[in-house]
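J.: Sequence isn't available, so here's the structure alone:
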């Protein structure tokens, strides 16, 4: 590794708001699955450390052909399932972002992890990671009494959420040293996780690579609202790369420095979070780990989404609707239902403005991994960008039953007198009086005070002004207003695609009974990197025209396929296609010459049918688009038993 | 603009190797088309300057919903047409790149433009741009005689290719000043166009954002070769974002700082550049502007690819095959055949290692724009990475007719004696002698010298060594070798997707005769952002169930559609769908209630047919997948005349 300043500890916590977390919930380790999956991914070039010929760079991975195809299929299906099906407005914004945007969003100040440095070598470590690794060792020690055990466990639970000072105290208390050298370490200090660069030739415009795609949607809110005919609710979506300069990346695809996200920002009226299609998902069952349970029983409860909203467990229908759609998405792409749950954020991990957050977590050999966040972020993002840019990011909505007359205070100032009286700061009391026309209650109170006392004292910033009756005339009146403006709330499902890809490969991986060499990747056809293999039984020239013909037929139909005419035994070739997840195999043999039929083999069952070549394309197309099942195929075509 | 340090000149040249260029070939300006297209793209949110609420950043654009959909469709079709159809190995590599990779490739030293600064304000300009703008003004002046005219034209032709010193001389000669202030300018100096950043927390690992996707493929060559069963030829492909810190970006999508590329690297044996599928494209006609013609007649010639290869105009079949595939791709996505040509690089714009380069240029209102480069890059990239990383990026190929016996020199050294004699630098003569076993001719010559003279003097680096007969025994012998290693050549088609998108929108844009308000975007269905609009004739509750049903049917079939039940007149709604290029409109009227039929309207002809709802999905699917034409539809279903 070029960037070899990485720490080598094993427990992972990451609970900062708006960052993906890998939970510490203790789970059964499955080292064999992980070793098998990692060997497979490396051997068959699903992924590889980037720039490996130069030693690699920690946290950067390239996708090879099968990984790349899985990713493209996942993105296409995501676009179909979310963006197209729900009429979302998909956008594609730049990763390069000027500083002002990320300062406003809070990332420049707060998107940081605590880091310590080895005082001799200068090696960098994540403070919480090395604290945890140290305390875990203490916990494994002999002669640890129950009291100490409880203390250590408390430290482990706190480390990920602890602030700078608390972390420092704990590092000092337990005498934590540099894990690689035993040297003293620095006090922890925040390290911002954004990659910095300069935009333009002058060197004067500081920029960052976006750490999330969401900001591109927020800053385009006005254009999007306009595109949607000024109507709410609507959702915008974006698929793209984000960048986080992790201090010590590891866990393969689970924590990397450049990764693809798919994010949705659904904008709604603050008081109208019902969803018209919620009825479609209300009876869908799900596994929920509530915030309350995390503090008490730690039990996951199964209930349907309708019940969860009715009981106030999930804050509103729109949030629940997206959670349900996410669940359907994950099940379809191959995540096992029993290894998926939604975990609610506890109050200490949720931003102050957020109403409710639920992470879709998937169980892997690394424990429960957060793969999709679902957050009701209230109006935070639009509010801060609106204030900073001075562009109103609001929705104007006409009253349904026509314009209304409302009470108001008409304000007429004697600006000459005020200017003479207050001189340089006259704008302050003027702005104050102006504002009364938009706040009837305050205006009325002030008018009454002025009417009674003949004058009134006001404070603006740190200045005091005495306003007299001569300076302003306030009249109670009515005005016609046709609607109201409001800042919408936003509900945000945010997908980490690399994590989903790793998880679904782990879930799809198994080994054929009695043959530890033959692993299988039971990826659903919609996600499989290649849909069909074409296998001439032997390397005979007579079979070659059939190989070409079927290859061309499938390609014309847009079905990806791979010819293996390598001459290896057919069983060996099946095994090679099984392990990269190719769901169907088409074998051409000498009967093909006679009757223009081939065998079609299904990967998981290894069952085969005999099928006319003229039926192959349509049959595969339906299977791969989820419009028919292998059972349908078995019913329709005669079984084939290989010798 | 936050980054307002941009120059405001109008002629654009950019001819550095491996950069996209916009040609200065004089062309008819089409200001109306450009104004119309730009208005449309802005108004209907195809693209927008990024971070506009903060004033924007020069050279950064976001794609809104229609632009984003066109881009996604273009990428999907590219993947289908190139990667899947040609069995390419698609990869997905990181944009973050450590310095060593781009130093090796030559980008750190050479990927630069010449910049000048306003000596008072510090504003930055591209040296060639402001020289050109200045000389163009001179050219337009009164009293310019023929001699001067020729001189100015020569300067305009040279500016883009001139080196630092030549540019400096020309700037001084014509007294060029800062265009915005008239202040003096600095001498030109190279400004590297790569965005720099630091990877990891230590601040010690310098990185860049990739300026092209190709390097990710080159550094993964060994894994790719292995994935392909160690066989050549094969092609790898990558679609992804690249970043170039342009000094003065303008021309909308044509020159931006972050953009999506699709690149192919086709690896072949240096002497075997025939292509097995060349026969499929040999008779395809194309427009060629050869290097020779650019220096002489300036004429584009039409000929077919077979002829061009036979005559040696295009260097080899593989290069020509990819050019032909590119042409088919561009025509299918909507580029007009008569506004497309291939321009060959002249010797002064081609890298020294390149064998031949052809740019697919598309004619737009900006002139001829390079959209796809096709370069035979010989073995340059693999060679430099191989040398620097010390990882052999070569192909080993067994001899077809079995192992061969070849002459060789067996080298036996007396290492003890050599060590004693040459001490610290003994490794140098030892490596020299070792190398003789791989070079029979040199070995034999050296052996003969040693046999004759008893000793021989050699120079390694700057050191001289006298080798005696006691130090080494050289024996002429034979060894069996089973094949040979070689560094493959690479042929690279490289697509700038943003430029293609802008060009195809310009080509698709027109205005209905007699109605300047009604513009139409005749995008092919495969590229159109939305495939069908669903339009209830009036906002009647009885029609609503049909809208929902058709909407659901199309979505289930994966056909993107957009309901417009806004209540505007139907003609107005058609116009709205025409201008964003929706090819088909489904209108629900009161006859629908009676007989379950709708009208289906085609955008370009505005002709309509009456079609049963049960036939709509299949009909649209075939139209959108290029499996049938509107003519087929008109033949099959009765025409419908609207009132």
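T.: Nice, thanks for sending it over. Keep in mind it's a predicted model, so treat the numbers as computed, not measured. Numbering: from 1, shown residues only, chains lettered A, B, ... in the order given.

J.: With adjacent residues omitted, what lies nearest to residue A:97?
T.: Using C-beta to C-beta, 6 or more residues apart in numbering or on different chains and skipping the chain neighbours, the partner closest in space to residue A:97 is residue A:210 (4.9 Å). For glycine as for every other residue, the C-beta is placed from the backbone atoms N, C-alpha and C.

J.: residue contacts, the one you found?
T.: Contacts for residue A:210 (C-beta atoms under 8 Å, 6 or more residues apart in numbering or on different chains) come out as A:93-97, A:102, A:216, A:242-243.

J.: among these, which are in strands?
T.: Cross-referencing the contacts of residue A:210 against strands under DSSP state E gives A:96-97, A:242-243.

J.: what ranges do the helices span in the stretch 101-250 of chain A?
T.: Assignment of helices within the stretch 101-250 of chain A using DSSP state H, counting those that start in this stretch yields the ranges A:107-110, A:127-140, A:146-159, A:164-173, A:214-219, A:221-227.

J.: Out of the ones you listed, which is closest to residue B:73?
T.: Distances from residue B:73 to each of the helices of the stretch 101-250 of chain A were compared by C-beta to C-beta, and the smallest falls on helix A:221-227, at 18.3 Å.

J.: distance of the residue lying closest to residue A:455 once chain neighbours are set aside from residue A:161?
T.: The spatially closest residue to residue A:455, leaving aside those adjacent along the chain, is residue A:468, at 4.6 Å (C-beta to C-beta, 6+ apart). From residue A:468 over to residue A:161 the distance is 56 Å, taken as C-beta to C-beta, to the nearest Å.

J.: Same question for residue A:314.
T.: According to C-beta to C-beta, residue A:314 and residue A:161 sit 23 Å apart.

J.: ok, the two, which is more surrounded?
T.: residue A:314 (28 against 15; other C-beta atoms under 10 Å in any protein chain shown).

J.: Check whether the more buried one really touches residue A:358, as I assumed.
T.: Yes. Residue A:314 sits in contact with residue A:358 when judged by C-beta atoms under 8 Å, with a separation of 6.9 Å.

J.: Could you tell me which residues touch both of these two?
T.: Between them, residue A:314 and residue A:358 share these contacting residues under C-beta under 8 Å, 6+ apart: A:288, A:323.

J.: mean confidence score for stretch A:525-533?
T.: Taken as a whole, stretch A:525-533 has an average pLDDT of 96.

J.: distance between the ends of that stretch?
T.: In stretch A:525-533, first residue to last residue: 13 Å (C-alpha to C-alpha, to the nearest Å).

J.: ok, now stretch A:270-282?
T.: End-to-end distance for stretch A:270-282, by C-alpha to C-alpha: 22 Å.

J.: Okay, buried residues for it please.
T.: A:273, A:275, A:278, A:281-282 (16 or more other C-beta atoms under 10 Å in any protein chain shown).

J.: Export the residues you listed to CSV and append columns for distance to residue A:167, secondary structure and pLDDT.
T.: Rendered in CSV, the data for the buried residues of stretch A:270-282 read as follows (distance: C-beta to C-beta, whole Å; DSSP: H, G, I helix; E, B strand; the rest coil; pLDDT from 0 to 100):
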residue, distance to residue A:167, secondary structure, pLDDT
A:273, 37, coil, 95
A:275, 41, coil, 96
A:278, 42, helix, 97
A:281, 41, coil, 97
A:282, 44, coil, 97
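
J.: Just name the closest of those residues to residue B:528, please.
T.: Ranked by distance to residue B:528 (C-beta to C-beta), these are led by residue A:275 at 29.7 Å.

J.: so how far is residue A:306 from the closest one?
T.: In this structure, residue A:275 and residue A:306 are 12 Å apart, going by C-beta to C-beta.

J.: so how far is stretch A:420-434 off the chain centroid?
T.: Stretch A:420-434 sits 49 Å away from the centroid of its parent chain (C-alpha atoms, centre = their mean, to the nearest Å).

J.: for stretch A:473-489, that is, sorry about that
T.: Relative to its parent chain, stretch A:473-489 has a centroid offset of 39 Å by C-alpha atoms, centre = their mean.

J.: ditto for stretch A:471-487
T.: On C-alpha atoms, centre = their mean, the centre of stretch A:471-487 falls 43 Å from the chain's centre.
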